[in-house]
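Trainee: Quick one, structure for this:
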Amino acid sequence: MTDIDAPIHPTAGRLRPIGVGDADLTSGPWAKWQQDNAAITFPHARAWLERDGAVDNFRRLLPDHGVDSPRQGMWFSDSDVYKVLEGAAWEMARVGASSDPVMRTVVDDLISLIGSVQEEDGYINTNVQAGLARRWTNLQSSHEMYCIGHLIQAAVAHYRASGSDDLLSVATRAADRLVADFGQRRRRESDGHQQIEMAMVELYRVTGTTAYLDLAKQFIDDRGSDVFTPTPAWPVDRVYLQDDVPLRDRDRIAGHAVRALYYLSGATDVAVETDDSELLDAVRRIADDIARTQMYVTGALGSRAHQEELGDAHELPQDLGYGETCATIGHIGLSWRLLLATGEQKYADVIERGLYNLLAASTSADRRGFFYSNPGHRRRALPAAPVDGKPGRADAPGTRPAWFWCACCPPNILRTIASLGAYALTSDDDGVQLHQFFPGRYRAQTKAGRITVDVETIYPADGRVTVIVRDCPDDVWRLSIRRPGWAEHVHVAVVDEAEAALQDAHIDTDGVISVRREWKPGDRVHIDIPVTPRWTVGHPAADAVRGTVVLERGPVVYALESHDQEAGVDLETVEVDTSSTVRETPVEIAGERTLALAVDGRVIDDSLWVESGWVPLAAVSGEGVASTATMLTFIPYALWANRGPSQMRVHVPRASRH
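Mentor: So this is what the prediction gives:
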């Protein structure tokens with residue numbers, strides 16, 4: 001198989017990915033974010049890695065290192081360095097030879113440093129090598145394999161972007177150490193934080209070394225069979241570690257959210273490469289349950305701040321929900337793998353929800369601040385994050401901090417945005433498939449030949465999407481385009497360069513728009529997707545949101561933020577009239593042009609509750625509690641907390657009718 005510069009490149013499956021370098025995002029907010037990611041977020045992250053000592057943790061292992069301080073930061077901070085390195089590699093793949101020479105120098109220096117501190121037998125972990133822990137002795141919490149997994153992913157990205165094996169050779173030596181120590185069940189444990197499984201599969205895809213795939217399969221198959229022994233130093237149960245039930249026997253999953261999603265991603269990779277339909281069916285069964293019963297409308301996952309866990313079915317508290325950014329990124333990665341494996345468009349819908357809402361909300365408009373946790377309800381305006389400080393991971397300050405004590409999320413965002421274009425288009429033997437509507441130019445190799453298409457749109461501000469064939473073989477092939485699952489209908493027109501009608505498109509039961517014909521350069525497909533505002537309600541079993549509604553427009557979830565309301569309006573005492581007309585109003589928030597949605601609502605007189613907080617039902621029945629009419633203004637959830645501390649809510653009580 002010819003390797004491409006894609007984050008994952010399966011050797012089998014229904015669809016094939018394109019490379020990061022085959023996707024040129026040309027306009028719109030995602031293209032702007034990619035540019036800012038390289039110009040702003042990368043140097044910001046690099047500066048914090050230096051300031052926090054994450055890079056010095058490597059330097060201090062060298063002879064005559066000149067680093068006076070002891071090891072700094074989290075015991076798994078090596079992974080932050082590796083993720084930033086991976087993001088830089090995807091940025092190099094994205095822009096090619098024109099990549100930032102400063103970035104290339106940073107990458108080369110980091111690779112040299114990492115290689116210099118690796119032990120002769122392939123082991124590498126700065127916490128253990130600093131003498132603060134012993135090798136492989138506390139696997140459920142040490143994150144040793146987790147860090148090596150991120151090293152491997154960075155190495156794969158660098159190899160696919162540059163063709164150099166400088167970092168890949170470091171990664172293969174570390175992987176060989178794992179195989180020697182754990183392969184063929186010499187030890188049954190794996191890492192308490194899953195990640196190594198998908199990394200080892202990707203390394204197998206690059207090198208062809210089956211021992212890497214075998215070890216990943218071993219880790220997937222053995223988990224759930226009591227491979228971990230709880231210790232007083234790490235008082236978590238088997239559910240937290242997903243060690244309570246073998247994956248193949250599951251219908252749903254609980255425990256630490258990010259671990260669970262990385263576990264399922266690695267299992268998907270193993271299933272695809274070993275043609276294990278039973279394992280893939282188990283992952284699909286669990287993933288469908290996650291999307292149906294554990295995912296917030298914003299794409300958030302993880303309803304419990306305690307131990308960052310997925311909750312029970314429909315346990316979706318809004319103000320106390322955790323919604324870690326890394327969990328949604330993990331869900332996007334899992335959904336992408338399942339989309340490639342099955343071709344089912346529901347997984348692209350999940351990706352879209354996560355991208356336009358939670359991931360977009362995780363980062364400030366200036367691309368220098370980040371949310372670790374992402375609530376759906378802020379009852380009061382909390383103090384702003386310290387300008388030069390870094391809170392703990394569970395803290396949710398009133399604005400986005402510049403960095404975190406546990407800094408897993410910002411580097412995860414960086415590498416995701418750098419590689420984002422590769423998630424837009426896929427190919428198969430019959431043609432190409434467009435899944436995400438990012439304006440840009442995309443190239444894919446098919447059985448018929450090389451195909452290049454342009455996507456022109458301002459989606460989601462408008463639902464008009466035009467796909468233009470720029471280059472294609474003289475042969476029959478199929479162009480397929482996702483119809484979003486939230487769209488009740490779409491209008492499709494297939495025309496030539498002169499806008500003359502060519503033929504009707506077919507829309508299948510999976511919501512895929514497809515046209516199979518002998519295309520010519522200049523041929524195009526126009527799609528109109530209705531992005532009119534709509535009200536959404538939660539499942540009746542979700543008690544936390546019973547009686548509330550969510551305002552959505554296209555793929556975008558809207559929220560109330562106190563900055564946009566009339567003076568004196570308390571978002572804790574408002575309700576919305578869903579029968580009134582929703583009005584669209586252009587606004588600018590922190591330099592971002594967007595649409596606000598205005599709708600009639602009212603503010604409830606809460607004087608009845610002043611004394612005790614509880615009143616007899618009779619006191620509020622009949623004509624109801626006194627209220628004052630007001631206009632409520634909603635903004636995209638992604639843009640909240642860019643104008644200072646505020647109240648915010650996604651789910652809003654629906655006004656009762658008397």
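Trainee: low-scoring stretches of the stretch 1-150 of the chain, by residue?
Mentor: 1-2, 97 (pLDDT under 70).
Trainee: That one: helices as residue ranges?
Mentor: 28-36, 42-51, 56-59, 78-95, 101-117, 126-129, 139-142, 144-162 (DSSP state H, counting those that start in this stretch).
Trainee: Also the stretch 301-450 of the chain?
Mentor: Listed in chain order, the helices of the stretch 301-450 of the chain (DSSP H, counting those that start in this stretch) span 325-342, 346-353, 360-361, 409-418.
Trainee: mind listing what the closest residue to Gly192 other than its chain neighbours touches?
Mentor: Spatially, and ignoring its direct neighbours in sequence, Gly192 is nearest to Gln140 (3.6 Å; CB to CB, 6 or more residues apart in numbering). All C-beta atoms are positioned from the backbone trio N, CA, C, and that covers glycine. Neighbour list for Gln140: Glu189, Gly192, Phe228, Thr229, Pro230, Thr231, Trp234, Val236, Leu241 [criterion: CB atoms under 8 Å, 6 or more residues apart in numbering].
Trainee: Please tell me how far the nearest residue to the fourth one once chain neighbours are set aside sits from Ile148.
Mentor: Read it as Thr229. Take Thr229 and drop its neighbours on the chain: the residue closest to it by CB to CB, 6+ apart is Gln140, 7.7 Å away. Distance, Gln140 to Ile148, by CB to CB, to the nearest Å: 16 Å.
Trainee: hey, which strand is longest across this protein?
Mentor: When the chain is parsed with DSSP state E, its longest strand is strand 592-604.
Trainee: Out of the helices of the stretch 301-450 of the chain, flag the one nearest Tyr637.
Mentor: Closest to Tyr637 of these is helix 360-361 (CB to CB; 5.6 Å).
Trainee: my guess is Glu552 is in a strand, correct?
Mentor: Yes. Glu552 forms part of a strand when assessed by DSSP: H, G, I helix; E, B strand; the rest coil.
Trainee: Was I right to think it contacts Ala487?
Mentor: No. Taking contacts as CB atoms under 8 Å, Glu552 lies outside contact range of Ala487: 11.4 Å.
Trainee: Which residue of these two possesses the greater neighbour count?
Mentor: Glu552 (23 against 18; other CB atoms under 10 Å).
Trainee: Which strand residues bridge that one?
Mentor: Arg534, Val557 (DSSP bridges).
Trainee: Any stretches of the stretch 251-400 of the chain with poor pLDDT?
Mentor: By pLDDT under 70, the low-scoring segments of the stretch 251-400 of the chain are 393-395.
Trainee: at 80 what do you get?
Mentor: 387-389, 391-396 (pLDDT under 80).
Trainee: just the strands in it please.
Mentor: Ranges of strands in the stretch 251-400 of the chain, per DSSP state E, counting those that start in this stretch, are 255-256, 309-310, 377-378.
Trainee: now those strands in CSV, with mean neighbour count and distance to Ala300?
Mentor: Below are the strands of the stretch 251-400 of the chain laid out as CSV (neighbours: other CB atoms under 10 Å; distance: least, CB to CB, whole Å):
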stretch, mean neighbour count, distance to Ala300
strand 255-256, 23, 15
strand 309-310, 24, 11
strand 377-378, 22, 12
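Trainee: want to throw those strands into CSV with distance to Gly224?
Mentor: Below are the strands of the stretch 251-400 of the chain laid out as CSV (distance: least, CB to CB, whole Å):
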stretch, distance to Gly224
strand 255-256, 11
strand 309-310, 16
strand 377-378, 35
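Trainee: contacting residues around Asn357?
Mentor: Contacts of Asn357 (CB under 8 Å, 6+ apart): Val297, Thr298, Gly299, Pro555, Val556, Val557, Tyr637, Ala638.
Trainee: ok, and the most crowded of the residues you listed?
Mentor: For these, the largest number of neighbours (other CB under 10 Å) sits with Tyr637, at 30 neighbours.
Trainee: so what's that residue scoring on pLDDT?
Mentor: pLDDT, Tyr637: 98.
Trainee: Where does the nearest residue to it once chain neighbours are set aside sit: helix, strand or coil?
Mentor: Sequence neighbours aside, Ala559 is the residue nearest to Tyr637 in space, at 4.3 Å (criterion: CB to CB, 6+ apart). Following three-state DSSP, we place Ala559 in the strand state.
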